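**Student:** Let's see this in three dimensions:
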Amino acid sequence: MKTPIPDYLEEVLAELRDVDDGATADYIPELASADPDRSALAITSADGSTYSAGDAEVAFTIQSISKPFAYAAAIMDRGLDGVLEVVGVEPSGEAFDELSLEGETHRPKNPMINAGAITAHALLVGPTTTAADRVERIRSLCSRLAGRELAVDERVAASELETADRNLAIAHMLRTYGIVDDPAHELVEGYVRQCALLVTVEDLSMMAATLAAGGVQPRTGEQLMPPEVARQVMAVMAAAGMYDAAGDWLTRVGIPAKSGVAGGMVGVLPDRAGISAFSPRLDARGNSVRGRMAFERLSADMGMHLFAADRGLPDRVELDDDGTAATLVLRGTVEFTAAAQLLDLMATLRRDTVLLDVSRVHTVSDVGRRMTLEGLRRLRLDGVRVQLHDPGEVLPDPDLGDGGRPERR
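**Tutor:** A predicted model of the protein is given here:
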């Protein structure tokens, strides 16, 4: 059986294919020439399973999506108190490249706007480090988060430096108030190279899933940041990740997120999944138009709003295979993570009979129900005898889409 999750992601992309609002980032020559019709989606669950669709193999520069990860590195390198001395955590309500600081402290308002991100970059490694060491620090961390070696796109970095006057003005402003000590051009060059790291949507979803898993890289099991650092980063993403659209985004979509002007977008659902999108056409606030619409669809369809009140107990799935028949046991609350694990297990089974036992399930969310029934449907299409043990009727009327139902046990 083939898991239906990529098919669903393809469906979302297909519905957005004719959306041509927005434009590529015309103030950076290399980004302005990007193919505006590219689009991709990826989801990585907290246990490390990745699902993708569209142009998932296309690499693009990470841009401002690097900001939460550089912020995490700065906290690990200098401590949270040290970072808070020079970078705040309040939403700015202003554009990402605004030349503004807090009135009394002169701190940038948060690390998601350019002033705060340049400051966070200046904090990497230590007070006497080199510019090259800072870039390597963030490149190395992002590589470990993604699970593969990432590289800087030197052409994009050079193109951005040609038009970096506003960021240079921000860096000079920060130096004026003693927030940073390093030469403005050196800081901006390092920050631009940080933003020019090449990634795919699968890389971004894995990086976001590491945040979701409390700093543990889901595939390697490596603890890349302390849980409290991951929590701090996710909280700031929720409050300020989408710049002057942060409030609308949080209420409408409900997924802590960050966007980049190359068309990337990343979201985090604690303990559940990392999500990413890519489409180069941007709206007036610098966010991917198709990416925003895809996130809205995922949030609505899959119950991914952070403040949804139906989460219940943690979800689990177990396999009991005696060699002739397989029993899949679900426990707790079945949402996306458990349903995705269930579908992955179903895809590997080579048995004539599969029994799904939901007798220990408390609640099944809407997306959990739809994913579970679709998995049973696909097993049956593969010629598998499908059975269901559901004494508590947590899956009432388990129609498999064609009027058929699994055998009751």
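**Student:** would you list every one of the helices in the stretch 201-350 of the chain?
**Tutor:** 201-212, 227-240, 246-252, 289-302, 336-348 (DSSP state H, counting those that start in this stretch).
**Student:** elements contacting the second one?
**Tutor:** Spelled out, it's helix 227-240. helix 66-78, helix 80-84, helix 201-212, helix 246-252 (3 or more Cβ pairs under 8 Å, 6 or more residues apart in numbering; DSSP states H and E). Every residue, glycine included, has its C-beta placed from N, CA and C.
**Student:** Would you point to the one among those that's packed deepest?
**Tutor:** A comparison of the helices and strands packed on helix 227-240 by mean neighbour count, using mean count of other Cβ atoms under 10 Å, puts helix 201-212 on top with a mean of 29.
**Student:** avg pLDDT for it?
**Tutor:** Averaged across helix 201-212, pLDDT comes to 98.
**Student:** Please identify which helix or strand holds Met371.
**Tutor:** Applying DSSP states H and E as the criterion places Met371 in helix 366-381.
**Student:** Identify whichever of the helices of the stretch 201-350 of the chain lies nearest to Ala171.
**Tutor:** The closest of those to Ala171 is helix 227-240. By Cβ to Cβ, the value is 20.0 Å.
**Student:** Now that closest one: buried residues?
**Tutor:** For helix 227-240, the neighbour count (16 or more other Cβ atoms under 10 Å) marks Val229, Ala230, Gln232, Val233, Met234, Val236, Met237, Ala238, Ala239, Ala240 as buried.
**Student:** Next: stretch 23-40.
**Tutor:** Thr24, Ala25, Ile28, Glu30, Leu31, Ala34, Pro36, Arg38, Ser39, Ala40.
**Student:** before we move on, back to that, now render the buried residues of helix 227-240 as CSV, adding pLDDT and distance to Val135.
**Tutor:** Compiled in CSV, the buried residues of helix 227-240 are given as follows (pLDDT from 0 to 100; distance: Cβ to Cβ, whole Å):
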residue, pLDDT, distance to Val135
Val229, 98, 20
Ala230, 97, 23
Gln232, 97, 23
Val233, 98, 20
Met234, 97, 25
Val236, 96, 22
Met237, 96, 23
Ala238, 94, 28
Ala239, 93, 27
Ala240, 92, 24
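**Student:** Other residues contacting the lowest-mean-pLDDT helix or strand in the chain?
**Tutor:** Least confident helix or strand, the chain: strand 316-321 with a mean of 82, by mean pLDDT, DSSP states H and E. When contacts are defined by Cβ atoms under 8 Å, 6 or more residues apart in numbering, strand 316-321 is touched by residues 326-332, 338, 341-342, 345, 349, 351.
**Student:** And those residues, which of them are buried?
**Tutor:** 326-332, 338, 341-342, 345, 349, 351.
**Student:** which of these lies closest to Ile138?
**Tutor:** Gln341 (32.1 Å).
**Student:** could you show me where the strands are in the chain, in order?
**Tutor:** With DSSP state E as the criterion, the chain has strands at 40-45, 50-54, 60-61, 198-199, 257-259, 264-269, 273-278, 316-321, 325-334, 353-364, 385-389, 407-408.
**Student:** pLDDT of the last one, averaged?
**Tutor:** Per-residue pLDDT over strand 407-408 has a mean of 91.
**Student:** Okay, Thr353 and Arg380: tell me how far apart.
**Tutor:** Separation of Thr353 from Arg380 (Cβ to Cβ, to the nearest Å): 11 Å.
**Student:** Comparing the two, which shows the higher neighbour count?
**Tutor:** The neighbour count for Thr353 versus Arg380, taken as other Cβ atoms under 10 Å, is higher for Arg380 (19 against 15).
**Student:** Identify the residue spatially nearest to the more buried one, adjacent ones excluded.
**Tutor:** Nearest residue to Arg380, sequence neighbours excluded (Cβ to Cβ, 6 or more residues apart in numbering): Val386, at 4.9 Å.
**Student:** Can you tell me, leaving aside adjacent residues, what's nearest to Gly368?
**Tutor:** Val334 (3.7 Å).
**Student:** what do you get for Ser52?
**Tutor:** Ala42 (4.0 Å).
**Student:** Give me the pLDDT for that neighbour.
**Tutor:** Value for Ala42, per-residue pLDDT: 98.
**Student:** wait, isn't it in contact with Gly267?
**Tutor:** No: applying Cβ atoms under 8 Å, one finds Ala42 not in contact with Gly267, separated by 10.9 Å.
**Student:** Which residues are in contact with the residue nearest to Arg380?
**Tutor:** Thr353, Val354, Leu356, Leu376, Leu379, Arg380, Leu400, Pro406, Glu407.
**Student:** likewise Val19?
**Tutor:** Here Val19 is in contact with Arg281, Val289, Arg290, Met293 (Cβ under 8 Å, 6+ apart).
**Student:** Pick the one among those residues closest to Asp18.
**Tutor:** Arg290 (10.2 Å).
**Student:** Let me know how buried that closest one is, in neighbour terms.
**Tutor:** 30.
**Student:** what's the distance between Glu335 and Leu99?
**Tutor:** Distance from Glu335 to Leu99, by Cβ to Cβ: 43 Å.
**Student:** Who has more neighbours out of those two?
**Tutor:** Using other Cβ under 10 Å, the more surrounded residue of Glu335 and Leu99 is Glu335, with 27 against 14.
**Student:** Quick one: low-confidence residue ranges for the protein.
**Tutor:** Within the chain, the stretches with pLDDT under 70 are 309-315.
**Student:** Report the beta-bridge partners for Met265.
**Tutor:** When bridges are called by DSSP bridges, Met265 pairs up with Ser259, Ala277.
**Student:** Nice, that's everything, thank you.
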